[in-house]
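Student: Below are the sequence and a predicted model; questions follow.
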Amino acid sequence: MADEDAADRASQEIKALLRRLDPKDSSHKDRIRRLNKFRNFVTGESGGGTPEFYDDDIPLLLLGSAAPTALLGDHADLFEDNANQIYGLLQACGTPSVEHDHMLKRSARHAMNLLKFLVCDFVEDGQGAGELNLFAQGFCSFPVDKYRYMSLDLHLIGDQRGGAKEDACSVMVLLLTKHMAEDGETPSPLAKEDLLASQQAHKAFDLWVQQHATKQQRDLIKANAEKRKEEIAKRDDTLGGGGDGLSNDEDDMDGSDKDEADGYDEDDALAGLKRRKKTAKKEMLEATQAGELEEINGPAMRWEDSQLYREQRARFAAHQRMQEGGEYHDTVRDSQEAAAEMAEREEEKSKLLRRDPLGLKDADFDLRMLETNQVDFLEQALLELQEELRKAEAGGEDDQALRAKKESLEMILDSIVGVAGADAHLANTGKSILPTNPNFDPILFLTLVHRRATYEELVSSMNRLSTDTQNQVKQLQDMVRENFALFLRCADGIDTFNEKTISQSGPGLVDRLNRLDALAESCAHQAKKSFKPLLDNANEVRKVQSALAVLRRVEAVLQAPYLMRQHVENGRFSAALKAYRRVQVIDESCNIEILIHVKNQAAECAREARRELEGRLAQEGITVSGLLDSIRDLGELLEFDIPNDPKEAEKVAGSRYRAASMKAVGTFVIGGTTINVREYPPALACLLLQAAHFTFLVNSTIEEADNTTQRIFEGESLSSQGKLDSDLKSGVGDDKKQPGGNNNQWKYDVLEARSLATIKAVEIVSKWFPRLLEVAIAAREDEKRRAARASARGTSGKEIQLTPFEVFLSSISPSVSKLIEHAAFCGLGSAPRGSGMEIKMTFGKKSPEKLRVLLKSPLPPSQSSRVGKELAAMVEVLGQSSITLNQLKPLPGEPTRGNIYTMSPLDEIRTLGEQSVMTIERRRCIYAFDICARGCSSRATGSGKFDADALLACLRTLSDELTRPELCASEVEKGCELVIRKCCDGLASYVRDRGDSSRLNAVAECADVLQDRMTDVVREIGYLTNNAEAVEEVMMEDIMGLEGAMFDEFLESIRSSATSCCRMGWLDQKTDLSKEISNDSPVIGFPPYLSASLLAIVRVRAQVEQTLGLKIRRSEGQSYQHIAMATVAEGVAEGICEQIQQRKMTLKVRQADRLANEMQFLLNTLRNYIQPESRSLLEQTRRMLCSKAGRGAGIQGDGPDGLAALEELERLGRVYVLCLGQ
């Protein structure tokens, strides 16, 4: 089902293509688009895969409505719906142009390209090597007349408008090697004459075949051409040797006779006239076939070539044949009756020839079939005898009769082969089995026809044959006896009729001939009188045609000046040189005026082309490829010996199109430098001209920078000069500012002008230096070629010329150095102290002191960053160009005009550029870290933020922007340390006048940086420097120092606040000891001092957890929360013990017992947070209290409260214990 859908899709695509191929209903673009779309569809590029096609799709695609209806199948309805002709692909290949005679439409080229792809290049799935695809199979099976739709002659002749010579020749090779009959299997060879009509197309195809076809294809084309000629010769022989034209004439004549017999009566006058006309035509045809009359095509120029003379000759020949005994018929009816009688006799003769004369075979037997294939039947009979003999030998019998028959047949075949030779297509023995043939052989007759007949059958047949012969003779004798009187009467009548006819026709015939001769002479005289002007005109036409033919042969030479002028005006100098080469065939000794004029005009065009090319070499706006092409074309032009014109200077001086820089012919003035390009080779002259442009541009750039800064200092803004970028103009006013006033806008304008001047200098270097190098390399290659030619000619002793490398040393290198120094001065201003670098002041030396100071000052950070990128790009260009420049150095042994540096002239320039880039990037690092440090310090001082992300972003920006980070390692290290130190100082300033929460926030910031940010910062530092470990150590030391100081202050603060929560005010109250307190009185609540102490610990826990979470302190390996809680717990323990020690002497027994229980509870609760010293202090205080209360051996429970009091404390303090996280 999928295959059927794909095939239906293919049919739809074919119909869509055919609707667009008609030039009346579609435009050129529509046809091209549809052809390309169908090609994509066939190749599967449209996304649907390789399509499937029905068998009847191929004729429809290639021939359209010209395809046979039997081959169209289901597509026949397409032509019923369309009354007009539907173009196929072959018609699209040969669609003629409407506006151009003898040319094709432009879409014909694309159609031929698609046809060639389908039949030659397209490969089906599973297609083997050498097999034809489905398109080629159908294409090669068309009749010959279908290929005329392609108009192959127009495709081959000159490959003119719409023609596709290569594709058409490939298609022709396919047809001439693979053409088949309409059945698609039988080979049917073709010759190129079947496809091409003009001799010019034949020559073009033969030339293409010799250049592109393989030897096998050429041999096959030649063999098929021979076979085609043989087929045509055989067909002509079959038609009677008179050719197709004669046969067609006979057919037309017979058909006309038949129509005449059917449509008219015998007595009709019109019918008689037509019969006489047909009779005359038949007589002329018979005379032509007999060789008595020569066939002439075209209008008759003589009486002998006229139609009347030919009819007379034909009638005279017919009368002669009648007198000699031949048959002659005056009317068509007589001819038809004679032909019918002849056909009956031939049919009877054919029936008699095919029968067996012995009468042993039936009526269907045909002797002529055996006569045609004698050898085949003999071989078949021999094989049958061999088979019978083999069976007999297998049965154990030796049949001598069979062996004798076999030997007899072998002898007959041997004799035949001996007579016929080694003919591979032997079909006849040279003898006949037909009794009427003079070469009748009875032995061969009996062998082939009656090989299995018995002796009795042959004897009876011979008796019958003799009886039949005797009966025939007897019948003839009886017929003569019975009709003898009638025979005599007919003979007398015939003799009498002949005598009367001869006596009457003799004198009448002479009179008629005399009248005809007189008529012929009169016609000849009138013809000479009437046709003489025509003949004279014909002679004149032949002369004109002869002259035109001569002009056509030299058409390319005569058109050379016009073509050269057109090519020069359009800049196609290579084509102009090609046209000028044609003129070189005109010898100096030529005396033909038109050729001499052509040569002079071509020479004038060549001189004009030379001037144009020299002018192109002097242009600064032309591309490098255009310069190289001009150098090549000018070099080729100079190889021709162009004659000099003494008046060339006058012509150029008066020309309106003279170049502005041209001073004289071949002399140009650029920036004050005069160069005569005709004194140097083209490449070297181009290098000198371009170097002059470069030098002038460098000087102009420096002068422009000087003028710009001077005008800014005088009060004119940069935007008013039109040199400021559009994005910067909005912030700059156009009002003139006085440099001595309070407005400092002129300073910003000067700095911006410096940055713009640096960028412009870099642009000039990046554009012009590679341009000059390419021209110099071309000049160096030309120098090598000229040296090689001079060495080959033995003329190497001439004067040494200027070399491209010397041009670089003398003209280009100083300008480049000047431009680099200018870029360094504009970008840097002055060299850093202690760098050993020297920055020359390229302009502004005579400016006021205030302006000179500003020119020597460094650029601001933003402008310095922009300039640094440009200078880095410039240094990269210089580095690449320095390597290329070494190729221009003369090799050892080559003559030079002076000393050549061993070091490249760009090394010093590149060193200056490298130093400038290094200085700019170091300043970039300093500016970046300074800005980052100030920003981080501001955020730390104002909001207590340790902004390590800003430092990380700064490092990443520098990593992306710096081109030489290894040279800025010191600045990077110091900058990172500066940023961290500024952040630490800012945080210290932030918490100086604030409380514990600020200190804790500062500790949290430091902890975040140490734990999360420092890893990324150190990694980025490692990308920029190799000393990342040392930088990390310094930064960690600063951060950890700040963190330790802030956290220690926080701990000291919470420790002192926790001590104040431990006051025992109830011990200072005086109690009445006379009153006894009963044991069953209710116990008082949880002690307030314990409640306040535990709440202080809980508050610290919550505060640290909210700020720091569970972060681990890097220096101690414990969480900040645990360290803070431990510090508060120790403060509580020490405060309580100190309170008890102060009141130890005034404690009562019951107070001591109560405090002992409370100390035990506090020891159990804070055991995980206090140090061993604090635990020992609490334990000593508890024992002291126990001894004061009178407990034995310090065992808990011996007192008035006992164990119940401790349990009550644990119950009441349960909530505090839970808040502590236990």
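Tutor: Alright, I've got the coordinates. Every value quoted in this text rests on a predicted model; they were computed, and no experiment measured them.
Student: Distance of D1012 relative to A1004?
Tutor: D1012 sits 12 Å away from A1004, going by Cβ to Cβ, to the nearest Å. Quick note: C-beta positions are derived from backbone N, CA and C, even for glycine.
Student: Neighbour count for these two, which is higher?
Tutor: A1004 (21 against 10; other Cβ atoms under 10 Å).
Student: where does S26 land in three-state SS?
Tutor: Here S26 is recorded as coil under DSSP: H, G, I helix; E, B strand; the rest coil.
Student: So for it, what pLDDT did the model give?
Tutor: What the model reports for S26 is a pLDDT of 77.
Student: Count residues in the vicinity of it, would you?
Tutor: Applying other Cβ under 10 Å, we find 17 residues neighbouring S26.
Student: Residue numbering should commence at 11 henceforth.
Tutor: Noted, 11 is the first residue going forward, which turns the last one into S36.
Student: Report the spatially closest residue to it, excluding sequence-adjacent ones.
Tutor: Using Cβ to Cβ, 6 or more residues apart in numbering and skipping residues adjacent in sequence, the residue nearest S36 is R30, 4.7 Å away.
Student: quick one: that neighbour is in a helix?
Tutor: Yes. Counting by three-state DSSP, R30 is found in a helix.
Student: Please tell me I have it right and it contacts D40.
Tutor: Yes. Under the criterion of Cβ atoms under 8 Å, R30 makes contact with D40 at 5.4 Å.
Student: Between those two, point out the one with more neighbours.
Tutor: A count of neighbours by other Cβ under 10 Å puts R30 above the other of R30 and D40, at 21 against 14.
Student: what separates that one from I42, distance-wise?
Tutor: 10 Å.
Student: ok, H212 - contacts?
Tutor: Listed by Cβ atoms under 8 Å, 6 or more residues apart in numbering, the contact set of H212 reads K202, E203, L206.
Student: just for the stretch 411-560 of the chain, where's the confidence low?
Tutor: By pLDDT under 70, the low-scoring segments of the stretch 411-560 of the chain are 425-440, 473-483, 510-520.
Student: could you redo the last one with a cut-off of 50?
Tutor: Scanning the stretch 411-560 of the chain for pLDDT under 50 picks out the ranges 428-437.
Student: now the helices for it?
Tutor: Here the stretch 411-560 of the chain has its helices, by DSSP state H, counting those that start in this stretch, at 452-459, 465-492, 494-563.
Student: what's the burial count for L498?
Tutor: 10.
Student: Kindly apply the preceding question to F706 instead.
Tutor: Residues near F706, counting by other Cβ under 10 Å: 16.
Student: Now for it: which residues touch it?
Tutor: I680, G681, G682, T683.
Student: for L888, same thing?
Tutor: For L888, the contacting residues are V775, F779, I830, L916, I919, R920, G923, by Cβ under 8 Å, 6+ apart.
Student: Could you tell me which of the residues you listed are located in helices?
Tutor: Among those, the ones falling in helices (DSSP state H) are V775, F779, I830, L916, I919, R920, G923.
Student: Tell me the one of those residues nearest N234?
Tutor: Set against N234, the nearest of the ones in helices among the contacts of L888 by Cβ to Cβ is F779 (64.7 Å).
Student: With distance to S892 and pLDDT as added columns, please give the ones in helices among the contacts of L888 in TSV.
Tutor: TSV is the format used below for these (distance: Cβ to Cβ, whole Å; pLDDT from 0 to 100):
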residue	distance to S892	pLDDT
V775	13	86
F779	10	84
I830	12	85
L916	4	69
I919	9	74
R920	6	76
G923	11	77
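Student: Please identify which of those is nearest to R1123.
Tutor: Nearest member of the ones in helices among the contacts of L888 to R1123, counting by Cβ to Cβ, is G923, at 51.8 Å.
Student: got a list of what the closest residue to that closest one other than its chain neighbours touches?
Tutor: Excluding the flanking residues, the one nearest G923 by Cβ to Cβ, 6+ apart is V885, at 4.2 Å. Residues in contact with V885 (Cβ under 8 Å, 6+ apart) are R920, G923, E924, S926, V927.
Student: count of neighbours near the second one?
Tutor: Just to be clear, that refers to G923. If you count neighbours by other Cβ under 10 Å, G923 ends up with 25.
Student: Now do the contacts for L829.
Tutor: Each residue near L829 by Cβ under 8 Å, 6+ apart is listed here: V708, T711, A771, I774, V775.
Student: Find the pair from these with maximum spatial separation.
Tutor: Distance extremes for the contacts of L829: the farthest pair is T711 and V775 at 10.6 Å, using Cβ to Cβ.
Student: between those two, which one's more packed in?
Tutor: Set T711 next to V775 and count neighbours by other Cβ under 10 Å: V775 wins out with 25 against 21.
Student: sec struct for the nearest residue to the more buried one once chain neighbours are set aside, please.
Tutor: Distance criterion Cβ to Cβ, 6+ apart; nearest residue to V775, sequence neighbours excluded, is M884 at 5.2 Å. With three-state DSSP as the basis, M884 sits in helix.
Student: M851 falls within a strand, correct?
Tutor: No. In this structure, M851 is coil, not part of a strand, as judged by three-state DSSP.
Student: buried set for the helix or strand where E23 lies?
Tutor: Element membership for E23 (DSSP states H and E) is helix 12-31. Using 16 or more other Cβ atoms under 10 Å as the test for burial, helix 12-31 gives A17, A20, S21, E23, I24, L27, L28, R29, R30, L31.
Student: Much appreciated, bye for now.
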